[in-house]
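In: Got a predicted structure here, sequence first:
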Amino acid sequence: MNAVNDLMKPVAFPNPYDVPLQELDPSPEALYDSGQHWAYFERLRNEAPVHYCENEAFGGFWNITKFNDIVEVDSNNEVFSSEPNITIGESKIDFSPPMFIAMDNPKHDAQRKVVSPAVAPMQLAELESLIRGRVATVLDNLPVGETFNWVDAVSIELTTQMLATLFDFPFEERRKLTYWSDIAVTSPNVEEYGVSEEKRRDVMLECLEYFTGLWNERIKRPKKNDFISLLAHSSATAEMDPLEYLGNLMLLIVGGNDTTRSSMSGGVYAMNKFPAEFKKLQENPKLIPNMVSEIIRWQTPLAHMRRIAKEDYEIGGKTIRKGDKVIMWYISGNRDQDVIENPDDFLIDRKRARHHVSFGFGVHRCMGNRLAEMQLRILWEELLPRFSRIEVTAEPQRVRSNFVMGYTHLPVKLHAK
């Protein structure tokens, strides 16, 4: 086994109830691929929902772990700044391309407004038949009765096809988008995975070079509704610095890739962990839209978002000081039993299923949330008539990350109707 695979072996962490509360730290990446994070967040929600800790890699930060506290922080962009970064870690080299999700107003709203027409309701209505046709083609070409990797064959393929459409990217080269997305979200401790910060920078600059060519093509043509054309033709973004262009590209690529792809895999995994729910769905396919929201809550594709306090602020009986780093743990808020009944269970007919924090709140609420929901809905609408069972044959391999809650391998076997 090579060194990278050795490093990806499960790491044993202490029982969180055996750790002094002030030392409890939910940020190590290896907590997540082994599922040990759930107990850490349970203790924090119960005993210290607003909790300060120190970490050698990330410095000091506040953990916000309860649903309503997360909503309060996320909705208050006057006090809590998204600049200069939205993740807990920092780049170890001077390479942090700016992106509008990590900007405050007015610049955030100006840039977000430029690209939002690509995922506006009217545009989504036009995309639905295209998405359905692609889903049908992918599903009809899957091997039945043989074990294969659902992540690559379905989740990555479908989301990458969608990304290629949103960017009007050369379709035959669409897997470049997957590669760039995966490199972009590699943990800040990337040396553990055989990819250095310098290597990531070089790959991102290759991505910028490719997209600069596409920008130069689009600027010569009439404006269309793809992301690149919208950016190139808007006064708010036409004069962007190249690194800002790169940052916004990576935001749109990762936002359209990792979250939907993780939910496409997470939904299949959830149905196997809770087989009664799959039976319930087969008996009542009208539950699919509600189930989609439950998948997104249960999976929580992005574990956290970060803010910086612009002034002192009282919350949960604690005082967050100006300049402090604040981490909103969405993955914990979505398991808050004070707000969500039986939160660890996957229930496709859950009441108020859309009442979750996976998409965030306030001005930074996920721009593509309706597109993500539509892709998941269509996938399950096409799965049900084709297969009597989607059997997970072994435990999945997960991304080692405290940010992206995703899968690298989900072995499944399809059973025909």
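Out: On my side now, so go ahead. Every value quoted in this text rests on a predicted model; they were computed, and no experiment measured them.
In: Grab the nearest non-local neighbour of D152.
Out: Excluding its sequence neighbours, the residue lying closest to D152 (C-beta to C-beta, 6 or more residues apart in numbering) is H409, at 8.0 Å. The way it works is simple: take the backbone N, C-alpha and C, and place the C-beta from them, glycine included.
In: which phi and psi does that neighbour have?
Out: phi -150, psi 120 (degrees, to the nearest 10).
In: Return the distance of it relative to I156.
Out: Using C-beta to C-beta, to the nearest Å, one gets 11 Å for the distance from H409 to I156.
In: What score does T212 have for pLDDT?
Out: Per-residue pLDDT puts T212 at 97.
In: From P242, how far off is it?
Out: According to C-beta to C-beta, T212 and P242 sit 7 Å apart.
In: Same question for P49.
Out: 42 Å.
In: neighbour count winner among these two?
Out: The neighbour count for P49 versus P242, taken as other C-beta atoms under 10 Å, is higher for P49 (24 against 14).
In: Isn't that one up against G316?
Out: Yes - contact criterion C-beta atoms under 8 Å: P49 and G316 qualify, at 5.4 Å.
In: Now the common contact residues for the two.
Out: Counting by C-beta atoms under 8 Å, 6 or more residues apart in numbering, the residues touching both P49 and G316 are 66, 69.
In: And stretch 175-183, how far out from the chain middle?
Out: 14 Å (C-alpha atoms, centre = their mean, to the nearest Å).
In: Buried residues of that stretch, list them for me.
Out: 176-178, 180-183 (16 or more other C-beta atoms under 10 Å).
In: a markdown table please, covering those residues and showing distance to R398.
Out: Shown next, in a markdown table, are the buried residues of stretch 175-183 (distance: C-beta to C-beta, whole Å):
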| residue | distance to R398 |
| --- | --- |
| K176 | 24 |
| L177 | 21 |
| T178 | 17 |
| W180 | 21 |
| S181 | 16 |
| D182 | 14 |
| I183 | 18 |
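In: residue contacts, P385?
Out: P385 touches K417, counting by C-beta under 8 Å, 6+ apart.
In: Distance of it relative to D140?
Out: From P385 to D140 the distance is 11 Å (C-beta to C-beta).
In: try I390
Out: If you measure I390 against D140 using C-beta to C-beta, the figure is 15 Å.
In: Comparing those two, which residue is more hemmed in?
Out: Using other C-beta under 10 Å as the criterion, I390 and D140 rank with I390 on top: 22 against 9.
In: ok, which stretches of the stretch 251-400 of the chain are helices?
Out: 275-283, 288-299, 330-333, 369-386 (DSSP state H, counting those that start in this stretch).
In: closest to D168 out of these?
Out: Among these, helix 369-386 comes nearest to D168, with 15.6 Å by C-beta to C-beta.
In: Send me that closest one as CSV with only the CA atoms.
Out: Only the C-alpha atoms of helix 369-386 are listed here, as CSV (Å, rounded to 0.1, in the frame of the first residue of the first chain):
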residue,chain,number,x,y,z
ASN,A,369,-30.0,25.4,-4.4
ARG,A,370,-33.0,25.0,-6.7
LEU,A,371,-30.8,23.5,-9.4
ALA,A,372,-29.4,21.0,-7.0
GLU,A,373,-32.8,20.0,-5.8
MET,A,374,-34.0,19.6,-9.4
GLN,A,375,-31.1,17.4,-10.4
LEU,A,376,-31.7,15.1,-7.4
ARG,A,377,-35.5,15.0,-8.0
ILE,A,378,-35.0,14.0,-11.6
LEU,A,379,-32.4,11.3,-10.7
TRP,A,380,-34.8,9.6,-8.3
GLU,A,381,-37.8,10.0,-10.7
GLU,A,382,-35.8,8.1,-13.3
LEU,A,383,-34.3,5.5,-10.8
LEU,A,384,-37.6,4.2,-9.4
PRO,A,385,-39.1,2.9,-12.7
ARG,A,386,-35.8,1.1,-13.6
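In: got the buried residues for it?
Out: For helix 369-386, burial by neighbour count (16+ other C-beta under 10 Å) applies to 369, 371-380, 382-384.
In: Any chance of CSV for the helices of the stretch 251-400 of the chain, columns mean pLDDT and distance to D168?
Out: Output for the helices of the stretch 251-400 of the chain, formatted as CSV (pLDDT from 0 to 100; distance: least, C-beta to C-beta, whole Å):
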stretch, mean pLDDT, distance to D168
helix 275-283, 98, 35
helix 288-299, 98, 27
helix 330-333, 98, 31
helix 369-386, 97, 16
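In: For N216, find the nearest of the ones you listed.
Out: Proximity to N216 (C-beta to C-beta) singles out helix 369-386 among these, at 27.1 Å.
In: Tell me what angle that closest one forms with helix 288-299.
Out: 110 degrees (axes from the mean of the first three to the mean of the last three C-alpha atoms, to 10 degrees).
In: Tell me what angle helix 369-386 forms with helix 275-283.
Out: Counting by the same axes, to 10 degrees, helix 369-386 lies at 80 degrees to helix 275-283.
In: centre of the chain versus helix 369-386, how much separation?
Out: 17 Å.
In: got a list of what Y245 touches?
Out: 208, 211-212, 215, 231, 237.
In: Quickly name whichever of those residues is closest to P343.
Out: The shortest gap between P343 and any of the contacts of Y245 belongs to L231, at 38.9 Å (C-beta to C-beta).
In: Now the closest one: which helix or strand?
Out: Using DSSP states H and E, L231 sits in helix 227-233.
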